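J.: Give me a 3D structure for the following:
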Amino acid sequence: MSAASNWAARTLGYSFSDTELLERALTHKSRSARHNERLEFLGDAVLDLVISDALYRIQPEADEHVLTRWRSRLVRGETLAEVAGGLDLEKHLSLGQGEHQRPSILADTLEALYGAVWLDGGYASAAQVIEHHFAARLAEPPPRDSLKDPKSQLQELLQGRGLQLPVYEQLEQTGPVHAPRFVVGCRLADLDITTEGCGSSRRKAEQRAAAKAISEIEQP
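T.: Residues are numbered from 1 along each chain as shown. Predicted structure coming up:
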């Protein structure tokens with residue numbers, strides 16, 4: 001069994017039947033043409049569904065808006081990078097020469113892993129892995145103010161500092177009509193900050209770009 005397979009069995013609690021799926025999930029596009037972007041696309045949707053299902057079950061009194069914002073907080077890039085870091089994912093990530101590990105790469109790779117588990121073992125296996133990784137975060141509700149979506153948080157943050165509001169621009173749309181993938185840019189003119197977010201809808205891409213902008217503003 002490879003080091004990656006041993007790691008997956010130990011930290012994901014899942015043993016892959018098709019180890020090629022695992023290897024691809026851990027391979028960044030800078031390393032090989034057989035990279036993990038398609039698995040990331042799939043894992044993004046799987047993660048959304050599993051977290052939505054979990055929140056619906058464990059928070060029967062929460063309304064749609066709270067559930068939506070709570071889910072956004074759980075599946076945002078910053079949270080995914082934290083989860084990936086706790087799994088020592090960076091030790092098994094395959095990057096090309098000159099590429100450096102970044103939180104966004106860790107987050108994307110984690111989604112690719114979830115997509116790989118779904119393909120290899122089905123929904124039940126993916127749900128078990130994801131709910132285990134997010135158990136503590138699902139069990140402890142975040143402060144209510146933090147349940148505001150990233151776009152709202154960014155707008156309030158900029159308004160509080162007397163700065164111009166962000167400008168969002170769709171940069172790319174790929175994939176078939178039934179499964180599109182959007183890339184959106186978020187520009188903060190006063191702070192000379194530009195970020196990008198991607199997702200299965202323009203709204204999701206905007207939210208991820210906004211979350212990255214908040215991280216840029218708040219970093220030391």
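
J.: Give me the pLDDT value at Ala25.
T.: Reported pLDDT at Ala25 in the predicted model: 93.

J.: Revised request: answer the last question for Leu191.
T.: The model's pLDDT for Leu191 equals 94.

J.: any idea how far it lies from Ala81?
T.: Counting by C-beta to C-beta, to the nearest Å, the gap from Leu191 to Ala81 is 22 Å. From N, CA and C alone the C-beta is placed, and that goes for glycine too.

J.: Now do the contacts for the most centrally placed residue in the chain.
T.: Compute the mean C-alpha point of the chain, and by C-alpha atoms, centre = their mean the closest residue is Gly77, 4.3 Å away. Shown in contact with Gly77 (C-beta atoms under 8 Å, 6 or more residues apart in numbering): 103-104, 107, 197, 208, 211-212.

J.: Show me the domain layout of the chain.
T.: 3-142, 150-218 (automatic domain parsing).

J.: So for the residue nearest to the centre of the chain, what's the nearest residue that isn't a sequence neighbour?
T.: Ala107 (4.3 Å; C-beta to C-beta, 6 or more residues apart in numbering).

J.: Is the one you found located within a helix, as I assumed?
T.: Yes - counting by DSSP: H, G, I helix; E, B strand; the rest coil, Ala107 is found in a helix.

J.: Can you report how many residues neighbour it?
T.: 24 (other C-beta atoms under 10 Å).

J.: can I assume it is in contact with Val75?
T.: No - proximity of Ala107 to Val75 does not meet the contact threshold set by C-beta atoms under 8 Å, at 9.3 Å.

J.: next one: phi and psi at the residue nearest to the centre of the chain?
T.: When quoted as degrees, to the nearest 10, the phi and psi of Gly77 stand at phi -60, psi -40.

J.: In the strand or helix carrying Val117, which residues are buried?
T.: Secondary structure from DSSP states H and E places Val117 in helix 103-133. Residues of helix 103-133 classed as buried: 103-121, 125-131, 133 (neighbour count, 16 or more other C-beta atoms under 10 Å).

J.: same check, this time on stretch 22-31
T.: Buried residues in stretch 22-31 (16+ other C-beta under 10 Å): 22-29, 31.

J.: who's in contact with that stretch?
T.: By C-beta under 8 Å, 6+ apart, stretch 22-31 touches 2, 4-5, 8, 16, 34-37, 39, 92-99, 105, 109, 112-113, 115-116, 120.
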